[in-house]
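K.L.:
Here you go, sequence then predicted model.
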Amino acid sequence: MSRNLNKILNYFLLKISLIPIMLWIISSLVFILLRVAPGDPVDAILGSGADEISREFLRNKLGLDVPLINQYFSYIKNIVHLDFGQSLSTQEPVLNIILKSLPASLELGFFSIICAMLIGFPLGFLGLRNRGNKGDYIGRIFGIATYAIPPFWGAMLAQLIFSVSFNIFPIGGRYPIFQQQPQITGFFVLDSILLKNIIALKDSLYHLALPSITLGFLLSGIFSRSLRVNLDKTLKSDYVNAAFCRGISRKKILLNHALPNALLPIVTISGLTIASLAGGALLFEVTFSWPGIALRLHEAISQRDYTLVQGIVIFTSMLIVSLNLFVDILIAYLDPRIEY
């Protein structure tokens with residue numbers, strides 16, 4: 001047991017040693033791409049009609065008048081100290097903006113994954129149970145179709161049907177505009193529960209329902225197809241056939257032998273999906289006016305806010321890399337067949 005833990009520890013140290021290199025590459029690419037992109041942040045802030053004195057003053061204040069190489073080294077130094085600077089458009093610390101917006105994206109991502117599993121797993125089981133029948137083919141088509149639908153198009157279609165035509169859900173936003181938002185952790189559903197505010201909980205879930213169900217529906221095909229394929233492959237393996245020969249019931253074989261091994265690839269897929277949603281689904285959040293980190297990124301790009309774009313991309317990269325590391329370690333721990 002201790003030998004296995006030592007191997008996992010070595011594997012963990014190897015993985016974590018690669019993180020600084022990955023983040024340095026990402027940070028450098030973000031810096032370069034933002035500088036070569038057309039447009040000037042000074043024009044975005046002051047407008048193209050501003051006089052030259054005001055432009056030079058702002059350029060000096062923002063540190064844009066020094067050579068690029070100096071800007072780059074200063075930028076890397078600040079990132080090492082987790083100092084993402086201040087927003088060019090609002091002068092608010094970038095880290096504060098990120099921490100205010102991140103709970104909205106995480107809350108949407110969490111409930112979306114729950115909806116995806118609740119829809120996808122039963123469809124995967126039904127498809128495998130009715131293998132070769134009409135229901136199986138419908139499940140396969142469903143998995144391919146939901147994966148192929150662009151998220152922004154699915155979001156607009158859901159808004160058109162459930163908000164515009166039937167007026168069941170609000171068309172966008174995270175909470176009623178003229179009501180005080182529950183503020184403890186930034187997660188409105190959790191805050192409403194902690195405050196024991198039933199009205200706030202109802203309003204939070206009411207606004208969360210359509211975007212989370214829509215995104216969960218679009219992601220469910222990944223889970224249904226993955227579960228069906230991996231469970232089918234596992235049920236055809238030699239150790240499952242041996243269990244059948246020993247007279248073990250099909251239910252016990254499915255739950256105790258086949259399902260745990262079939263879920264290992266799904267853990268990987270779930271981790272990657274959660275990691276991608278942690279940064280927010282850009283066009284999805286924009287469509288629903290969901291005040292998450294992706295919407296703030298969209299606004300920052302529109303305003304040519306260098307520091308905010310850099311901060312969001314780098315912070316999101318750190319989050320994704322950390323989640324991927326956690327999934328790798330979890331898979332290595334759960335699957336003894338993995339070589340470290």
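P.N.:
Structure's in. What do you need?

K.L.:
list the contacts for the spatially closest residue to Leu194 that is not a sequence neighbour?
P.N.:
Nearest residue to Leu194 in three dimensions, chain neighbours excluded: Ile184, at 5.6 Å (C-beta to C-beta, 6 or more residues apart in numbering). Yep, even glycine has a C-beta here, placed from its N, CA and C like the rest. Taking C-beta atoms under 8 Å, 6 or more residues apart in numbering, we find Ile184 in contact with Leu190, Asp191, Leu194, Leu195.

K.L.:
Distance of the last one relative to Gly173?
P.N.:
Just to be clear, that refers to Leu195. 20 Å (C-beta to C-beta, to the nearest Å).

K.L.:
Neighbours of Ser317, how many?
P.N.:
18 (other C-beta atoms under 10 Å).

K.L.:
now do Tyr137
P.N.:
Counted by other C-beta under 10 Å, the residues lying close to Tyr137 total 12.

K.L.:
close enough to count as contact, Pro176 and Ala200?
P.N.:
No: with contact defined as C-beta atoms under 8 Å, Pro176 and Ala200 do not form a contacting pair (9.6 Å).

K.L.:
Which of the two has more residues huddled nearby?
P.N.:
Neighbour tally, Pro176 and Ala200, criterion other C-beta under 10 Å: the higher count belongs to Ala200, 21 against 15.

K.L.:
Quick check: the more buried one vs Gln180, distance?
P.N.:
Distance, Ala200 to Gln180, using C-beta to C-beta: 8 Å.

K.L.:
and what of Lys15?
P.N.:
For Lys15, the distance to Gln180 equals 44 Å [C-beta to C-beta].

K.L.:
Between those two, which is the more surrounded one?
P.N.:
Lys15 (16 against 9).

K.L.:
Once you drop chain neighbours, what's closest to the more buried one?
P.N.:
The shortest distance from Lys15 to any non-neighbouring residue, by C-beta to C-beta, 6+ apart, is to Leu325 (5.4 Å).

K.L.:
and Pro93, backbone torsions?
P.N.:
Torsion angles at Pro93 (phi, psi; degrees, to the nearest 10) stand at phi -50, psi 130.

K.L.:
can you check the one 10 residues further on too?
P.N.:
Backbone torsions for Pro103, taken as degrees, to the nearest 10, come to phi -60, psi -40.

K.L.:
my guess is Arg296 meets Gly311, correct?
P.N.:
No: using C-beta under 8 Å, Arg296 is not in contact with Gly311, being 9.8 Å away.

K.L.:
Show me where the stretch 1-150 of the chain has its helices.
P.N.:
2-36, 41-46, 52-62, 68-80, 94-129, 134-148 (DSSP state H, counting those that start in this stretch).

K.L.:
Counting neighbours, what do you get for Ile193?
P.N.:
Number of residues near Ile193 (other C-beta under 10 Å) recorded here: 16.

K.L.:
quick one: what helix or strand has it in it?
P.N.:
helix 188-194 (DSSP states H and E).

K.L.:
wait, isn't Asn197 in contact with Pro182?
P.N.:
Yes: using C-beta under 8 Å, Asn197 is in contact with Pro182, at 6.1 Å.

K.L.:
Show me which of these two is the more surrounded one.
P.N.:
Just comparing Asn197 and Pro182: by other C-beta under 10 Å the higher neighbour count belongs to Pro182, 23 against 15.

K.L.:
Next, the contact list for Tyr306, please.
P.N.:
Contacts for Tyr306 (C-beta under 8 Å, 6+ apart) come out as Leu34, Pro41, Leu88.

K.L.:
Which one (most neighbours) among these?
P.N.:
Neighbour-wise, these (other C-beta under 10 Å) top out at Leu88, 23 neighbours.

K.L.:
Are we agreed that Ser317 is in a strand?
P.N.:
No: read with DSSP: H, G, I helix; E, B strand; the rest coil, Ser317 is helix and lies in no strand.

K.L.:
quick one: the closest residue to it other than its chain neighbours from Ile98, how far?
P.N.:
In this structure, Ser317 finds its nearest non-sequential neighbour in Ile26, 4.8 Å apart by C-beta to C-beta, 6+ apart. Distance of Ile26 to Ile98, computed by C-beta to C-beta: 16 Å.

K.L.:
Compare neighbour counts for these two and give me the winner.
P.N.:
More crowded of Ile26 and Ile98, by other C-beta under 10 Å: Ile98, with 20 against 17.

K.L.:
Name the residues of the longest helix along the chain that come out as buried.
P.N.:
As assigned by DSSP state H, the longest helix anywhere in the chain is helix 198-235. Residues of helix 198-235 classed as buried: 200-201, 203-204, 207-231, 234-235 (neighbour count, 16 or more other C-beta atoms under 10 Å).

K.L.:
Could you list the low-pLDDT ranges of the stretch 1-150 of the chain?
P.N.:
Scanning the stretch 1-150 of the chain for pLDDT under 70 picks out the ranges 1-5, 7-8, 39-40, 44, 47-48.

K.L.:
one more time with 50
P.N.:
Counting by pLDDT under 50, the stretch 1-150 of the chain contains low-confidence residues at 1.

K.L.:
about what we covered before: tell me which element the residue nearest to Lys15 is part of?
P.N.:
According to DSSP H and E, Leu325 maps onto helix 306-334.

K.L.:
Off-centre distance for that helix?
P.N.:
Chain-centre distance of helix 306-334: 10 Å, with C-alpha atoms, centre = their mean, to the nearest Å.
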